[in-house]
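S.K.: just a sequence and a predicted model for now, questions to come.
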Amino acid sequence: MEEIKTNTVDKTEDKAAKAKFTSEADILTRATVGDARIYVARTTRLVRKLSLRHNLSHLATAALGRTVTGALLLAATMKNEEGVGIKVTGDGPVQGITGEAQGGIARGYVGNPDVYLPPKNGHLDVGGAVGSGTISVTRYTAGAKPFTGTAELVDGEIADDLTRYLYTSEQTPSSVGLGVLVDEKGDVQAAGGWFIQALPNCSEETLEQLDKNVRNTPYVSSLIDMGFTPERIIQMLGKDMKVEILDSYPLHFGCRCSRERVEGVLQTLPKKELNQLAEDEKTEITCPYCNARYEFSREEIKQLVQKAKK
Ligand SMILES: [Zn+2]
């Protein structure tokens, strides 16, 4: 058995401890602060997975990472089986961003995974990649039809765009912070975000204090990179206020696609298009969210044509 050393933490061990810490499992923590709610997510692993799975450039990683983290934060206000979809549509070179979250499970993709722009003020230029356009949020609520609201983009950096959406479309005063730190090689160093939601009748005093705290809080990605847990970030955002931590849950990348679902979509195609597919030896469908590939033989497509006839 190895000897266990104590009180001998040197620089290298410190570094290793930090690396281990920042690669810790992704979580989202919920809390109440006065008459407001605070949600903080650490999504480093999830965003790294998205980046690798879609072979994303640095810039595309930041754009998708922020959007998916935003979706997880909005989903945190809902029940487990309910979900949120965010669609960012702009005239910039990333060609749109789609993020989805249900409980702690999220997925997403961008139109152009290779997007590159020079850094702006030392930061990845997500706003430039997005361009001008709109942000749409769809809420999938249990027992109700999905609701979609849309707002004009503020700057395409996602966080302020979501804040405006929540205010104009859902009448919720809020503050959103999102960040993804990508190193030179393109590896995700840290990712996460916060979402402060004022409850109805939230006092001016609470809003002012929160506003002050937000302005005094460093970038969320820097905090996560330094090893700050979501709970500690909540304490910073709720400084000089009564903070009550409610709960935490794990966050994961996940896709709901399946062969049956893809078949279902194929069946909704016009008969003419299905017949065209049946001319090919095989048809390959790729899920945009996870890149899973589904192959259908000519025979299988023909069977779908038959089923569609019925
Ligand atoms: Zn999929």
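M.R.: Alright, I've got the coordinates.
S.K.: centre of the chain to the helix or strand where Arg139 lies, how far?
M.R.: With secondary structure defined by DSSP states H and E, Arg139 is part of strand 133-140. For strand 133-140, the distance between its averaged C-alpha position and the chain's averaged C-alpha position is 13 Å (Cα atoms, centre = their mean, to the nearest Å).
S.K.: and Asp247, how many neighbours does it have?
M.R.: Residues near Asp247, counting by other Cβ atoms under 10 Å, number 8. To be clear about C-beta, it is placed using only N, CA and C from the backbone, and glycine gets the same treatment.
S.K.: just to revisit the earlier point, can I get the strand holding Arg139 in PDB, CA atoms only?
M.R.: As requested, the backbone C-alpha atoms of strand 133-140 are provided in PDB (Å, rounded to 0.1, in the frame of the first residue of the first chain):
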ATOM      1  CA  GLY A 133     -30.900  38.400 -35.900                       C
ATOM      2  CA  THR A 134     -33.200  36.900 -33.400                       C
ATOM      3  CA  ILE A 135     -33.200  34.500 -30.400                       C
ATOM      4  CA  SER A 136     -36.200  32.100 -30.000                       C
ATOM      5  CA  VAL A 137     -36.900  30.200 -26.900                       C
ATOM      6  CA  THR A 138     -39.300  27.200 -26.800                       C
ATOM      7  CA  ARG A 139     -40.600  25.900 -23.600                       C
ATOM      8  CA  TYR A 140     -41.900  22.300 -23.600                       C
END
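S.K.: against which helices or strands is whatever helix or strand comes next after that strand packed?
M.R.: Proceeding N to C from strand 133-140, the next assigned helix or strand is strand 147-152, under DSSP H and E. Using 3 or more Cβ pairs under 8 Å, 6 or more residues apart in numbering; DSSP states H and E as the contact criterion, the secondary-structure elements in contact with strand 147-152 are strand 133-140, helix 159-170.
S.K.: pLDDT of strand 147-152, averaged?
M.R.: Model confidence over strand 147-152 averages 96 on the pLDDT scale.
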